[in-house]
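Undergrad: Provided below are the primary sequence and the corresponding predicted coordinates.
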Amino acid sequence: MIRVLEVIRQGQIGGGESHLLDLIRFLDKSVIEPVCLSFTDGEMILQLKTMGIPCHIIHTQKAFDIKVQQQIKKLMQTEHIQLVHAHGSRAASNVLWSARSLRLPLIYTVHGWSFHDDQPMLIRRLRALSEHCICHYSQEVICVSQSNADTGKKVFGLKQCHVIENGINLERFNPSAAFTNLRPQMHFNTDDFVIGFIARCTKQKNPIDFLKALEMAHEKNPHIKGLFVGEGDMDTDVDAFIKLHKMTDYLHRTPFRTDVPELLNTINAYCLPSLWEGLSIALLEAMAMEKAIIATPTDGTCELIRHEENGLVVPFNDVPTLSQAMLRLASSPEEANQYGNAARMLVETRFNAQRVADAVMKIYQKSNRLSDRS
């Protein structure tokens, strides 16, 4: 048995957290004993505890918090950890020192690099340097998209990594299953064309552009309505925009919910105007539920969405084009259905959560063998 500490920055469910939930769910527990460390509490922790997974919370919001390093090290010792798997740069930066001091192998999964083009040059360089350091001291690096791997090689010379694309639990995200009809309680009519934004409410996901585009599209076609699900550090900005622009008659806004398949069943199309992504779990979930996609050309999205085959790709920060894409799908439900069917087929063939767990487990076993020899 290999005792693995799975580390993630927050306990609330986002893309990386959904990935971790499915990874732990599908790991072979006769081979791997997972233990979870998060730096905030949340729904993910509750679900893992329900699964019988030991969970620990060490509270910090910092990318590297020197005050909690001894707590992390003590946890690794107390739980008899043999291998550390960090999901995301903030988790990795906070466990790197402890893992190295105990000579534990560190595996780092990149869920999108922390540096991106819209940052000031100095910030971008510092974050790239930090990512380079984490990768250098990790025994294995996993990228969730080939684009992420290529970016790492280009920016700081990433030498070796495994590309393991994110996976989806296709039994849970199954459009043929029986779902509760949520439209009446959300005040949507049968003939409304509902466009969903189901994601963390953060700058990365660009929620204000979604709202601006939805407003423009609704003015031209009143049957276009919106479902906004999620919460985050832009909640105040989003709520203020909705109130100022009087959108409550055609936009249903709700915090995070656990019934994501039911929510996706409610909408006609899914919109994700992100500024950057690794390989969006939320996007894969919508594709698995046969939803037409409107998205921006982030690293991972470019590997998923083929323009006018299984969705529409629009430029970054281009609200008019985003709005036109909404109008286009609403005016042609047949086209939207065609894109949704193609999206589901792609997910079925490439993005199965069991495949991800099997591939990651092989890396655990390899790292553990190398550690035993050293």
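TA: Yep, it's here. Residues are numbered from 1 along each chain as shown.
Undergrad: From here on, just use CA atoms for contacts and neighbour counts.
TA: Noted.
Undergrad: Who are the packing partners of the one helix or strand Y339 maps to?
TA: Using DSSP states H and E, Y339 sits in helix 333-350. Helix 333-350 is packed against helix 281-288, strand 292-295, strand 311-313, helix 319-331, with contacts defined by 3 or more C-alpha pairs under 8 Å, 6 or more residues apart in numbering; DSSP states H and E.
Undergrad: would you list these in a markdown table and tack on mean pLDDT and mean neighbour count?
TA: Formatted as a markdown table, the helices and strands packed on helix 333-350 follow (pLDDT from 0 to 100; neighbours: other C-alpha atoms under 10 Å):
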| stretch | mean pLDDT | mean neighbour count |
| --- | --- | --- |
| helix 281-288 | 94 | 26 |
| strand 292-295 | 97 | 28 |
| strand 311-313 | 97 | 25 |
| helix 319-331 | 98 | 20 |
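Undergrad: right, and these - which one's nearest V238?
TA: For the helices and strands packed on helix 333-350, proximity to V238 was assessed by C-alpha to C-alpha; helix 319-331 is nearest, at 15.8 Å.
Undergrad: picking up where we left off before, closest to A269 out of the helices and strands packed on helix 333-350?
TA: If you check each of the helices and strands packed on helix 333-350 against A269 by C-alpha to C-alpha, strand 292-295 wins as the nearest, at 4.8 Å.
Undergrad: returning to what we had before: buried residues, the helix holding Y339. List them.
TA: Neighbour-count burial for helix 333-350, counted by 16 or more other C-alpha atoms under 10 Å, picks out 335-344, 346-347.
Undergrad: Which strands or helices does the lowest-mean-pLDDT helix or strand in the chain pack on?
TA: Every helix and strand of the chain was ranked by mean pLDDT, DSSP states H and E. The lowest is helix 299-302, at a mean of 86. Packed against helix 299-302 by the contact rule (3+ C-alpha pairs under 8 Å, 6+ apart) you find helix 146-156.
Undergrad: rewinding a little: contacting residues around the least confident helix or strand of the chain?
TA: Outside helix 299-302, the residues that touch it by C-alpha atoms under 8 Å, 6 or more residues apart in numbering are 144-148, 276-280, 295.
Undergrad: if you set the cut-off to 6 Å instead, what comes out?
TA: Helix 299-302 is contacted by residues 145, 147, 278-279 when judged by C-alpha atoms under 6 Å, 6 or more residues apart in numbering.
Undergrad: Please pick the buried ones from these.
TA: Counted by 16+ other C-alpha under 10 Å, those give 145, 147, 278-279 as buried.
Undergrad: and which of those is nearest C271?
TA: Sorting the buried ones among the contacts of helix 299-302 by how near they are to C271, with C-alpha to C-alpha, puts L279 at the top with 14.9 Å.
Undergrad: check contacts around the closest one.
TA: The neighbourhood of L279, defined by C-alpha under 6 Å, 6+ apart, consists of 144-145, 300.
Undergrad: Distance to F179 added to those, as JSON lines?
TA: Conversion of the contacts of L279 to JSON lines gives the following (distance: C-alpha to C-alpha, whole Å):
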{"residue": "V144", "distance to F179": "30"}
{"residue": "S145", "distance to F179": "31"}
{"residue": "G300", "distance to F179": "29"}
